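Visitor: What follows is a predicted structure for the sequence shown.
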Amino acid sequence: MSKKNPKFLVPMVGLSATQRKSIGAGKYEPRQRHPDEALPNTISIKELPHYVPPKHQPVRAGADDHLNIKSIGVAC
């Protein structure tokens, strides 16, 4: 199931310089941004620091003491 992508998805691969010139490759004009158009993303989610929730404080003193007891599992 390892089929290669069709050539029409990557038109510049395997073309000679003359062929690239004939189809107009390399001629790029920057697109004019519309005044109401949103700006591109400038923040990368992958580069942001990870969220660490604040330390949980129990309402009653000793309410989380059961968390300190090591679990031994269930004997069947």
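Guide: On my side now, so go ahead.
Visitor: Where does the prediction get shaky in this protein?
Guide: Low-confidence segments of the chain, defined by pLDDT under 70: 1-12, 26-28, 76.
Visitor: which residues of it fall in strands?
Guide: Ranges of strands within the chain: none, based on DSSP state E.
Visitor: ok, which stretches of it are helices?
Guide: Ranges of helices within the chain are 17-22, based on DSSP state H.
Visitor: And for residue 25, the neighbour number?
Guide: For residue 25, the neighbour count with other C-beta atoms under 10 Å is 13. From N, CA and C alone the C-beta is placed, and that goes for glycine too.
Visitor: Now do it against residue 74, distance only.
Guide: Per C-beta to C-beta, to the nearest Å, residue 25 is found 68 Å from residue 74.
Visitor: what does residue 68 give?
Guide: To residue 74, residue 68 is 19 Å away according to C-beta to C-beta.
Visitor: go on, residue 44?
Guide: Counting by C-beta to C-beta, the gap from residue 44 to residue 74 is 45 Å.
Visitor: what does residue 35 give?
Guide: 66 Å.
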